[in-house]
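Peer 1: Fold the stuff below for me.
(2 chains)
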Amino acid sequence: MNSVERLVYMANQIATNLATDGTPVAAVADHIQQFWDPRMKQLIFAHGTEGLSPVAAAAIRKLAKSQNAA
Amino acid sequence: MTYQPQKDFGTPESRSEEAVTLTIDGRTVTVPAGSSVVRAAAEQGTSIPKLCATDNVKSFGSCRLCLVEIDGRRGTPASCTTPVEPGMVVRTQTPHLAKLRKGVMELYISDHPLDCLTCAANGDCELQDQAGAVGLRDVRYDVQATHLGQDKDHSNPYFDFDPSKCIACSRCIRACDEVQGTFALTMEGRGWDSKISAGLASDNFLGSECVSCGACVQACPTATLVEKKVVEVGTPERSVVTTCAYCGVGCTFRAEMRGEQLVRMVPYKDGKANRGHSCVKGRFAWGYAQHQERILNPMIRKSISDPWREVEWDEAFAYTASELKRISEKYGSHALGGITSSRCTNEETFLVQKLVRAGFGNNNVDTCARVCHSPTGYGLKTTFGTSAGTQDFDSVEDSDVILIIGANPTDAHPVFASRMKRRLRGQDRRPGAKLIVIDPRRTDIVRSPHIEAQHHLPLRPGTNVAVLTAMAHVIVTEGLADEKFINERCDWDEYSHWAEFVSQARNSPENLQPVTLVDPEELRAAARLYATGGNGAIYYGLGVTEHSQGSSTVMAIANLAMATGNIGRRGVGVNPLRGQNNVQGACDMGSFPHELSGYRHVSDDDARRLFEDDWGVSLDPEPGLRIPNMLDAAVDGVFKALYCQGEDILQSDPNTAHVSAGLAAMECVIVHDLFLNETANYAHIFLPGSTFLEKNGTFTNAERRIQPVRKVMTPMNGLEDWEVTQALAQAMGLDWNYSHPSEIMDEIARLTPTFAGVSFDRLDEAGSLQWPVNAEAPNGSPIMHVDGFVRGKGKFVVTDYVPTDEKTGPRFPLLLTTGRILSHYNVGAQTRRTENVVWHPEDLLEIHPIDAEDRGIKSGDWVNLASRAGETTLRATVTDRVAPGIVYTTFHHAVTQANVVTTDYSDWATNCPEYKVTAVQISASNGPTDWQEEYEALSTRARRISTDIPAG
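Peer 2: Numbering: from 1, shown residues only, chains lettered A, B, ... in the order given. Next up is the predicted model:
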């Protein structure tokens, strides 16, 4: 597993475990924002949403958007 | 101060709040009801002669030396077995008593060798003291037969047993029973034939069930049981109270010294974590501190293929700083990072994370808690609002039901296990607490002398969340939840959401049984017992956290405690048993890449500003890399330098091949340690470390107890670890000028609200303090969440069971889980360099008889242990302690490298590795794997130290 594959795996794993949260997309985005270093975030933003579950993909899009806006 | 043994009050302290006043030798004294007369006398400073009485075990009344006269009573009762009464008038010294005592002593001495001048206990012998106290001057008996001249038992590596010197007081037996709870020792024979036995008549101390905790040695009033070190060196001449550097129990010891030589470590009776008890590691296994393999000079090398070159400290600091600067300039500041140590002090850990944040200019700092209790931090912060256990250890005395999940306390936290076992056996006419154990293995505590778990749920590894959710299902659907507590203390809507989830039929024990392999009726009974059995306390360990759902399991535990109202008072709570001595402290000190000290996120502007103002630098508001992320980044070529203090990531972290690839990709690996550990094979700079005996500071144990660590000898390498980090920071241009670790603690207190009231002076005064220590709790906080949760309302979190992606299949049909054994500690760097290797010279693979038979494997056979990540070889031991389909091993020996087979799977929230679940296959083997042979060759090459003498 290379680094990007691992990040995709991790994002999906977070999404699976936060699936029962009331607002799973926001919860996943918040988790990644709080615990991933900037390079990890940039790597997955650059990778896009391929291989990501719908919740994880939406969270990454949401996070990328908020970072771009910042 | 000259050496004095700790005062012995004769019998244990009474906890009664009722006071009783009596008169002893004309002086009045007031003591708690239930105290013995001998104790009351000791508390007023009167020493009644005694031999069989000691204050860590119940009174026995056999030696007849502590006799007293009491007005209105006939005869001369033994003061150790006589409780105080109001108005009692006691005389401890009368001519009649003197005559009786002298007669008793005369009998003892008539059968005791008179070799005092050459005896190891000379000057530290209660028999000798009491002979003097009663004025014995001669022995009139013409003794025809004695017990003298019996063979000594030298089998134990740490203490000798000389039956010739035994006075049959039974203190050792009672200590083994009451304090340690092993019940190994016994009195063999009757009357004149009475003799202490280590077990069966055929057993010596090494071969018996004795666990070498040292309680018997401590209890022995003569030289019958005596430390080999005392025999070798002589009695100590001074003592210093300090804190053990092994597990998270944090036992307090008296380091008893001759000059700068440590003679023995004796558990300190006033230690609030251990209450005078110890285990084989803390009591005896400190020889590593002076081991010949310690590296005492800094060393550098350009490449890991070069031999090491010893240098002076100044050159080491200058070279290290220049390398870090070079790499920072070439690759950017984010190419640097550090790992703090859970074995080092709070002050040292604080400095390492400060060096990374303020000196390296990023938040790439992590700690060994990443691979053990990081899910505890996440889970308990989310649910309760604070990243720590809720109780003190004393709390277990008030528990009615003890639930142990994923922990093996008798091996990994033995001193607390003894306290727990005492409660499980029952004491002072109270029935014992009930016990529930959730563990794939039948750990020792499931069934041990006078203890038998009411319920053992031998679940399939990786299904903790399913089991806990099924327990919650039973509690909610059977109406056992404490809705009053929930309504008052928790968010009711979140509870309702959670209760609806756990109540679903899919979460019933019956429905989950195919997943968990746990008998549904047994699980239901366990859930009912926990919910309705009175004070319910949960203790857990790495069998909870080291899973892909480690954080979920911690939250599921918190849910159970809240749902049953088992939070906020003595006897209950959620209690993580921390692995290393200062895991709690390392986490508290801001060792995580996303948190400053006191668990404040780096993105918190107010918290960051506090540090920025104090340190005079600006700090990165983004989280840094965790250890596995650092290794990934290293393999990607963007992470180039690592300062690793007191951790051996190559041996302790999962998927060794990946760790070694990451380390090999770095340009500057700095290892700051006692020994050339496995990580040092990939290091370019080695900074020698100091032991806990050589430095001042504090450790924080599993109950949040901040305890002093006191320097008892000069560091063999010349510097304490905090001085090394400071000198490195100075070489990098940072203006650090601490002259003592107390100044570092002052800074920690200034910047960390939960430590606001902590200082070395306060710790010296109180002995120890449990954080939070602040204006609201100036004396600390033994129990958390008493009137409300730290986060406000307790948060129920839905924890849906998600199976691990590590699956068994035809190629890898068995599940491997890993753990510890009593005699070793973590990667074994310390304990492998002590005599503890006699108990566990190698890692063994436990395999069930059915699985062994299928593969033609017998106990003692070499086997190949293979997973998708790698393979290794070790010897098998066939046992039904593990269930069919499960195998188990320890990771204490570098030659085994159990982590060669563990995988990259990790906890979803924290990246804590999934050590506890690895799909493996076992097959017969003839010898080491290719990996082991290659690694052995690499280690030999990497550990070469140049002996070239420069031309001068």
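Peer 1: Quick check: phi and psi at the residue nearest the centre of chain A.
Peer 2: Ranked by distance to the mean C-alpha position of chain A (C-alpha atoms, centre = their mean), the top residue is A:Ile60 at 4.0 Å. The phi/psi pair for A:Ile60 (degrees, to the nearest 10) reads phi -60, psi -40.
Peer 1: Against A:Asn17, how distant is it?
Peer 2: 16 Å (C-beta to C-beta, to the nearest Å). Backbone N, C-alpha and C define where each C-beta goes, glycine included.
Peer 1: ditto for B:Ala680
Peer 2: Distance of B:Ala680 to A:Asn17, computed by C-beta to C-beta: 37 Å.
Peer 1: Those two: who's more crowded?
Peer 2: For B:Ala680 versus A:Asn17, the count of surrounding residues by other C-beta atoms under 10 Å in any protein chain shown is larger for B:Ala680: 27 against 24.
Peer 1: got a list of what that one touches?
Peer 2: B:671, B:673, B:686, B:942-943 (C-beta atoms under 8 Å, 6 or more residues apart in numbering or on different chains).
Peer 1: residue ranges for the strands of the stretch 601-750 of chain B, please.
Peer 2: B:641-645, B:668-673, B:685-688, B:697-700, B:705-709 (DSSP state E, counting those that start in this stretch).
Peer 1: what is the rounded mean pLDDT of the third one?
Peer 2: pLDDT averaged over strand B:685-688 equals 98, rounded to a whole number.
Peer 1: Spell out the secondary structure type for the residue of the stretch 251-400 of chain B found nearest chain A.
Peer 2: Taking C-beta to the nearest C-beta, chain A has its nearest neighbour within the stretch 251-400 of chain B at B:His334, 6.9 Å off. The three-state assignment at B:His334 reads helix, by DSSP: H, G, I helix; E, B strand; the rest coil.
Peer 1: any low-confidence regions in the chain?
Peer 2: I went with chain A, as the question did not name one. Low-confidence segments of chain A (pLDDT under 70): A:70.
Peer 1: was after chain B, sorry
Peer 2: For chain B, the ranges with pLDDT under 70 are B:1-2, B:948-952.
Peer 1: For the lengthiest helix in it, name the packing helices and strands.
Peer 2: Selection of the longest helix in chain B by residue count, based on DSSP state H, yields helix B:313-331. Helices and strands touching helix B:313-331, as assessed by 3 or more C-beta pairs under 8 Å, 6 or more residues apart in numbering or on different chains; DSSP states H and E, comprise strand B:299-300, strand B:336-340, strand B:641-645, strand B:668-673, strand B:685-688, helix B:721-731.
Peer 1: Counting neighbours, which of the contacts of B:Ala680 comes out on top?
Peer 2: B:Val671 (32 neighbours).
Peer 1: tell me how far the ends of stretch B:49-69 are from each other?
Peer 2: 14 Å (C-alpha to C-alpha, to the nearest Å).
Peer 1: what do you get for stretch B:257-269?
Peer 2: Length of stretch B:257-269, first residue to last, C-alpha to C-alpha: 18 Å.
Peer 1: B:Gln93: what's it in contact with?
Peer 2: B:Asp25.
Peer 1: make that B:Ser652, sorry
Peer 2: B:368, B:371, B:826-827, B:891, B:899 are the contacts of B:Ser652 under C-beta under 8 Å, 6+ apart.
Peer 1: Over to B:Arg64?
Peer 2: Counting by C-beta under 8 Å, 6+ apart, B:Arg64 has contacts B:78, B:100, B:104.
Peer 1: That one and B:Gly103: what is the separation?
Peer 2: Taking C-beta to C-beta, one finds B:Arg64 at 9 Å from B:Gly103.
Peer 1: cool, and B:Gln6?
Peer 2: B:Gln6 is 30 Å from B:Gly103, by C-beta to C-beta.
Peer 1: Which one's more surrounded, these two?
Peer 2: B:Gln6 (16 against 13).
Peer 1: Count the residues that sit near the nearest residue to the more buried one once chain neighbours are set aside.
Peer 2: Using C-beta to C-beta, 6 or more residues apart in numbering or on different chains and skipping residues adjacent in sequence, the residue nearest B:Gln6 is B:Lys269, 5.6 Å away. Using other C-beta under 10 Å as the criterion, B:Lys269 is surrounded by 19 other residues.
Peer 1: quick one: contacts for the residue of the stretch 151-300 of chain B at minimum distance from chain A?
Peer 2: Closest residue of the stretch 151-300 of chain B to chain A, C-beta to the nearest C-beta: B:Gly248 (24.2 Å). Neighbouring residues of B:Gly248 by C-beta under 8 Å, 6+ apart: B:413, B:577-581, B:583-584, B:701-702.
Peer 1: and if you look at B:Phe161?
Peer 2: B:152-153, B:196, B:198, B:205, B:224-225.
Peer 1: Quick check: it vs B:Ile196, distance?
Peer 2: In terms of C-beta to C-beta, B:Phe161 sits 7 Å off from B:Ile196.
Peer 1: Quick check: neighbours shared by the two?
Peer 2: Joint contacts of B:Phe161 and B:Ile196 (C-beta under 8 Å, 6+ apart) are B:Thr224.
Peer 1: got the residues of chain B near chain A?
Peer 2: B:334, B:363-364, B:497, B:501, B:548-549, B:551-552, B:593-594, B:601, B:603, B:622-626, B:629, B:632-633, B:635-636, B:638, B:798, B:800, B:802, B:904, B:908-911 (C-beta under 8 Å from any C-beta of the partner chain).
Peer 1: residues touching the spatially closest residue to B:Phe891 that is not a sequence neighbour, list them.
Peer 2: By the measure of C-beta to C-beta, 6+ apart, the closest residue to B:Phe891 outside its immediate chain neighbours is B:Ala898, 4.1 Å from it. By C-beta under 8 Å, 6+ apart, the contact set of B:Ala898 is B:818, B:843, B:865, B:872, B:874, B:889-891.
Peer 1: Let me know which of the strands of the stretch 601-750 of chain B is tucked in deepest.
Peer 2: strand B:697-700 (a mean of 30; mean count of other C-beta atoms under 10 Å in any protein chain shown).
Peer 1: And that strand, what does it pack against?
Peer 2: By 3+ C-beta pairs under 8 Å, 6+ apart, strand B:697-700 packs against helix B:346-354, helix B:583-588, strand B:705-709, helix B:741-751.
Peer 1: Could you tell me the angle between the direction of the first one and that of strand B:641-645?
Peer 2: Put simply, helix B:346-354 runs at 170 degrees to strand B:641-645, going by axes from the mean of the first three to the mean of the last three C-alpha atoms, to 10 degrees.
Peer 1: Can I get helix B:346-354 in PDB? Just the C-alpha atoms.
Peer 2: Provided in PDB are the C-alpha atoms of helix B:346-354 (Å, rounded to 0.1, in the frame of the first residue of the first chain):
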ATOM      1  CA  ASN B 346       7.400  14.500  32.300                       C
ATOM      2  CA  GLU B 347      10.000  17.200  32.200                       C
ATOM      3  CA  GLU B 348      12.100  15.400  29.600                       C
ATOM      4  CA  THR B 349       9.100  14.600  27.500                       C
ATOM      5  CA  PHE B 350       7.900  18.200  27.700                       C
ATOM      6  CA  LEU B 351      11.300  19.400  26.500                       C
ATOM      7  CA  VAL B 352      11.300  17.000  23.500                       C
ATOM      8  CA  GLN B 353       7.900  18.200  22.300                       C
ATOM      9  CA  LYS B 354       9.000  21.800  22.900                       C
END
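Peer 1: Could you tell me the angle between that helix and strand B:668-673?
Peer 2: Using the same axes, to 10 degrees: helix B:346-354 against strand B:668-673 is 180 degrees.
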